[in-house]
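Chemist: this is a predicted model, with the sequence first.
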Amino acid sequence: MKLFRLQLHWQILIALILAIVYGLLFPTTYNISPEAIQSLQKAQVSNELLEQLNQHSGKEFTTLQEFQQALKTSLSPQEYEAYQYNIRQASYSNSQVNAVSWMGDLFLRSLKMLIIPLILSSLISGITNIGTGKNLGRLGLKTMGYYLITSVLAIGTGLLFVNLFKPGIGADLNFQEKVAGLVEKQRSLRDILIEIVPDNIFRAFNESDMLSIIFFAVLFGFFVTKVDLVSREVLKKAFNAIFDVMMKITLFIIRFTPLGIFGIVAKVIADQDDLASLMSRMGIYMGTVIAALSVHFFITLPLLMKFLSKSNAWKHFRNMTTPLLTAFSTSSSGATLPLTIEAVESKSGVSNKISSFTLPLGATINMDGTALYECVAAIFIAQAYGYDLTIVQQMIIVTTALLASIGAAAIPMAGLVMISVILTAIGLPLEGIGLILAVDRILDMFRTATNVWSDSCGAVIIAKSEGEDLPV
């Protein structure tokens, strides 16, 4: 077929467009079906509750809000709170989207399967190739310096746009959604530093604690260079071979990216409640976030590439289309990491010793898009509640957003969880998160792509600063 002769990024783009159309054609509906009632019987709900639910059996609702409102009229507040999770899990249906969403689930699981072995083999291989501790220290300082600069620039851009457009003024507080389970304890820089060191490395593997895994890999790789020559060469060859195998598996999985993205995006679009209503209520807020992210993506980072490394950002962007489209679709910089490493090394020409150090670290702590989003979201909530934030309070937001972005996991909606830390720091109600909950998944796609783009630009800039001759 002609489609499969297209370059991969065009296949992905076509899959993305088709998925949006498919999701719009087959939106998720909500109903109490006989199967749903049987499922709730297994959850051992009361007979009275089942009788109430039977009254709605066979009715179909096009949005989750309509469905929940119907249940609230027949259930007591206590019953609704107790069983809303069971009810939601058992009562949404979309056979058309379920027929394709499994492809997205399989694709994501395949990518996540690679993350830990790829990070370990990549980092250890790269560090043993870096050589001395002096070289490693220099590379580490450059990497952290780049992350700090770009994160501050991103937050500054978000601060400018949210104060300029004031999207929260006049926001409708009646559309807050329930935010139970999103509260995150506030963590200081000291807490983050302590948590980097794993008390059990196997638990860190099991829980995908990336900062701890990276710390262990860096430590292991550094001390590989300190053992005797024979052992060092054996270990270097072993981890180089493991890394090569992981990259070959990555290249194999990349072939199925269009199918995976079709399944993921179709489900995301189908699950959105009334997109037209969302756009009318949250359009200014969404526009502010996307505009600020676009400035950082298309102006700030390319200018840094031009002036810090004399690199061609457009050429690099073309090389990065596959991982960027994947990051946009999956909303996970961690899951995209195997594709990012492959593109940066094979297309932009960055050496493994640079990419293996900067990219896994960047996917974990360099969250430009997330930091920008958290800043805009916090001030939007303050504006919606009528709070007039002082310069000092806004500086607290900047500092907290920077620390929160470092602690944010490289998974979908992690930034939303971390906003609770910022709201607590400036004394805003956590219920305000409910204002942005409905559109967070959509905006997550844009900020994740920005995160990955920043990581890749950093790898090129640092590689050039180390004297590498790149084709970009």
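Modeler: Nice, I can see it.

Chemist: make it CA atoms for all contacts and neighbour counts henceforth
Modeler: Noted.

Chemist: please report how far I354 lies from F307.
Modeler: 20 Å (Cα to Cα, to the nearest Å).

Chemist: ok, D455 next?
Modeler: For D455 relative to F307 (Cα to Cα), the value is 17 Å.

Chemist: higher neighbour count, those two?
Modeler: Set D455 next to F307 and count neighbours by other Cα atoms under 10 Å: D455 wins out with 31 against 10.

Chemist: which ones are touching that one?
Modeler: T358, L359, G362, A363, N366 (Cα atoms under 8 Å, 6 or more residues apart in numbering).

Chemist: what is the burial count for the third one?
Modeler: Residues contacting G362 under the criterion other Cα under 10 Å number 27.

Chemist: list the contacts of it.
Modeler: Here G362 is in contact with Y147, D455 (criterion: Cα under 8 Å, 6+ apart).

Chemist: now do the contacts for the residue lying closest to T150 once chain neighbours are set aside.
Modeler: Excluding the flanking residues, the one nearest T150 by Cα to Cα, 6 or more residues apart in numbering is D368, at 6.5 Å. Contact partners of D368, counting by Cα under 8 Å, 6+ apart, are T150, S151, A154, I155, S405, R447, T450, N451, S454.

Chemist: which residue in those residues has the weakest pLDDT?
Modeler: When those are compared by pLDDT, S405 scores lowest at 70.

Chemist: wait, it sits on Y373?
Modeler: No: with contact defined as Cα atoms under 8 Å, S405 does not reach Y373; the gap is 9.7 Å.

Chemist: of those two, who's got more company?
Modeler: With neighbours defined as other Cα under 10 Å, S405 and Y373 compare such that Y373 has more, 30 against 26.

Chemist: hmm, that one is touching G158, no?
Modeler: Yes: if you go by Cα under 8 Å, Y373 and G158 touch, sitting 7.0 Å apart.

Chemist: mind listing the shared neighbours of the two?
Modeler: V289.

Chemist: so which bits of the helix or strand harbouring I397 are buried?
Modeler: Assessed by DSSP states H and E, I397 sits inside helix 391-407. Residues of helix 391-407 classed as buried: Q394, I397, V398, T399, T400, A401, L402, L403, A404, S405, I406, G407 (neighbour count, 16 or more other Cα atoms under 10 Å).

Chemist: same thing with stretch 289-301?
Modeler: V289, I290, A292, L293, S294, H296, F297, T300, L301.

Chemist: related to what we said a few turns ago, sort out for me which of the contacts of D368 are in helices.
Modeler: Assigned to helices by DSSP state H, the following of the contacts of D368 qualify: T150, S151, A154, I155, S405, R447, T450, N451, S454.

Chemist: which residue, other than its chain neighbours, is closest to the fourth one?
Modeler: Closest residue in space to I155, ignoring its immediate chain neighbours: L372 at 4.5 Å, by Cα to Cα, 6+ apart.

Chemist: count the neighbours of that neighbour for me.
Modeler: With other Cα under 10 Å as criterion, L372 counts 30.

Chemist: need the contact list for it.
Modeler: S151, A154, I155, G156, T157, G158, L159, A292, L293, A401.

Chemist: from S420, how far off is the last one?
Modeler: Counting by Cα to Cα, the gap between A401 and S420 amounts to 11 Å.

Chemist: what's the answer for the third one, then?
Modeler: For I155, the distance to S420 equals 17 Å [Cα to Cα].

Chemist: also the fifth one?
Modeler: Counting by Cα to Cα, the separation of T157 from S420 is 21 Å.

Chemist: who has more neighbours, these two?
Modeler: Between T157 and S420, counting by other Cα under 10 Å, S420 is the more crowded of the two (24 against 21).

Chemist: got a pLDDT number for the more buried one?
Modeler: So S420 comes in at 78 (pLDDT).

Chemist: where does it fall, secondary structure wise?
Modeler: Counting by DSSP H and E, S420 is found in helix 414-425.

Chemist: could you list the domains of this protein?
Modeler: As assigned by automatic domain parsing, the chain contains the domains 2-96, 99-465.

Chemist: and those, which one is worst for confidence?
Modeler: When these are ranked by mean pLDDT, domain 2-96 comes last with a mean of 69.

Chemist: follow-up on the earlier one: which of the buried residues of helix 391-407 lies closest to I130?
Modeler: I406 (25.2 Å; Cα to Cα).

Chemist: does S309 touch C457 like I think?
Modeler: No: between S309 and C457 there is no contact under Cα under 8 Å: 9.9 Å.
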